[in-house]
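Visitor: could you look at this predicted model? Sequence included:
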Amino acid sequence: MGIHPSAVVDARARVPESCTIGPFCLVGADVEMGEECELMSHVVLTGPTKMGGHNRIHPFAVVGNGPQDLSFKGEPTRLEIGDHNEIREYVTIHRGTIKGGGLTTIGSHCLLMAYAHIAHDCHVGDNVIMANAATLAGHVTVENWAVVGAISPVHQFVRVGAHAYVGGGTVITQDVMPFAKTCAVRDVHAYGANAIGLERRGFSKERVRQIQRAFRILLAAKLNTTQALERIEREVEQTDDVKMLVEFIRSSERGVVK
């Protein structure tokens, strides 16, 4: 096991021999690491935290610390992280709270850039990118393949839908629709489907076209949301993507950004 002499690893931590722990890292008692993880240097990894394999954590990140919540009294809440994640410098990820379900989760193949923050009881899917200083308040859900741009704060209990793109410097206080490009110029608006991003992920042109048809009705038809959804169900082919979009909007408790 490659543990630098200056690192402090609790004897009760579960660290496979294939892991590398660099200078001045701290690994707590309630940590379970997967195979071939790397803590580069000055990383604080506490718990209870369970982490999959092939994760790399860069200097000065703090992962698995207790939540920034006044109701937290030191309960053994958890953080679970998947595989093949890149966690960059000064990222902070906090465990859950009892009132929020006691669990924060990060999927696999995510890129969390410098100074990103994931608060208590958040659930982040697979292949998510959070750019520099993107911040999630408590109880936020970010679905698979979403991108949250730099310096973008996301309000508590908001959902960011699958394949959504949030532009840099955007304050998000309502749900972000799947597939949507959402950003702030003067006010925060959705600007249609994230067509280029979807094509890069292998969506066919026809698949993108049906999503774009649904967004044109949502954003340009001068209908309220209920009317727009009814029209989408009448006039747009009900592909899995369109059904996902409609169900996401219908299930929103905070409303969606339009």
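Guide: Yep, that arrived.
Visitor: pretty sure Val171 contacts Ala184?
Guide: Yes - using C-beta atoms under 8 Å, Val171 is in contact with Ala184, at 6.7 Å. Just so you know, the C-beta spots here come from the backbone N, C-alpha and C atoms, and that holds for glycine as well.
Visitor: more neighbours, these two?
Guide: More neighbours surround Ala184 than the other of Val171 and Ala184, with 17 against 13 (other C-beta atoms under 10 Å).
Visitor: for the nearest residue to the more buried one once chain neighbours are set aside, which residues are in contact?
Guide: Leaving aside its sequence neighbours, Ala184 sits nearest to Thr170 (C-beta to C-beta, 6 or more residues apart in numbering; 4.4 Å). The contact partners of Thr170, by C-beta atoms under 8 Å, 6 or more residues apart in numbering, come to Gly149, Ser152, Thr182, Cys183, Ala184, Val188.
Visitor: of those residues, just say which sits nearest to Lys99.
Guide: Ranked by distance to Lys99 (C-beta to C-beta), those are led by Ser152 at 25.8 Å.
Visitor: name all residues that make contact with the closest one.
Guide: Contacts of Ser152 (C-beta under 8 Å, 6+ apart): Ala131, Ala134, Thr135, Val166, Gly167, Gly168, Gly169, Thr170, Val171, Ile172.
Visitor: would you list those in TSV and tack on secondary structure and pLDDT?
Guide: Shown next, in TSV, are the contacts of Ser152 (DSSP: H, G, I helix; E, B strand; the rest coil; pLDDT from 0 to 100):
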residue	secondary structure	pLDDT
Ala131	coil	98
Ala134	coil	98
Thr135	strand	98
Val166	strand	96
Gly167	coil	94
Gly168	coil	94
Gly169	coil	93
Thr170	coil	94
Val171	coil	94
Ile172	strand	95
